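*Asks:* Sequence and predicted model, in that order:
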Amino acid sequence: MIQIMTNKITLNIDKPIYNEGEYMKLKVDYEALNPKQTMHVTVLDPSREGGFQC
């Protein structure tokens with residue numbers, strides 16, 4: 001028997017549309033099989049060339 005387990009990422013945002021310059025609340029819930037595994041989050045802002053990374 002082979003079991004395939006995957007990681008789970010849940011992303012919750014306060015509201016679907018934001019105005020330029022407005023702060024947003026972003027909640028990320030991450031479940032991984034390996035506790036030493038890391039996650040990289042990139043939030044893209046269309047009003048800027050880059051994005052916000054954490």
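*Replies:* Thanks, I have the structure now. Residues are numbered from 1 along each chain as shown.

*Asks:* use CA for all of it now, contacts and neighbours both
*Replies:* OK.

*Asks:* Relative to residue 10, how far out is residue 26?
*Replies:* According to Cα to Cα, to the nearest Å, residue 26 and residue 10 sit 11 Å apart.

*Asks:* For residue 24, give its distance to residue 10.
*Replies:* Counting by Cα to Cα, the gap from residue 24 to residue 10 is 16 Å.

*Asks:* Look at those two and report which has more neighbours.
*Replies:* Taking neighbours as other Cα atoms under 10 Å, residue 24 and residue 10 compare with residue 24 leading, 12 against 9.

*Asks:* what's the closest non-adjacent residue to the more buried one?
*Replies:* residue 14 (7.0 Å; Cα to Cα, 6 or more residues apart in numbering).

*Asks:* how many neighbours does that neighbour have?
*Replies:* Neighbour tally, residue 14, other Cα under 10 Å: 10.

*Asks:* show me what contacts it?
*Replies:* Residues counted as contacts of residue 14 (Cα atoms under 8 Å, 6 or more residues apart in numbering) are 24-26.

*Asks:* Just the ones in strands from the residues you listed, please.
*Replies:* residue 26 (DSSP state E).

*Asks:* between the contacts of residue 14, which is closest to residue 33?
*Replies:* residue 26 (23.0 Å; Cα to Cα).

*Asks:* Quickly list what the closest one is bridged to.
*Replies:* With DSSP bridges as the criterion, residue 26 is bridged to residue 13.

*Asks:* so it touches residue 15, yeah?
*Replies:* No - counting by Cα atoms under 8 Å, residue 26 stays clear of residue 15, with 9.8 Å between them.

*Asks:* ok, for residue 18, nearest residue in space, not its chain neighbours?
*Replies:* Distances taken as Cα to Cα, 6+ apart place residue 24 nearest to residue 18, at 7.4 Å, with adjacent residues excluded.

*Asks:* which ones are touching the one you found?
*Replies:* The contact partners of residue 24, by Cα under 8 Å, 6+ apart, come to 13-14, 18.
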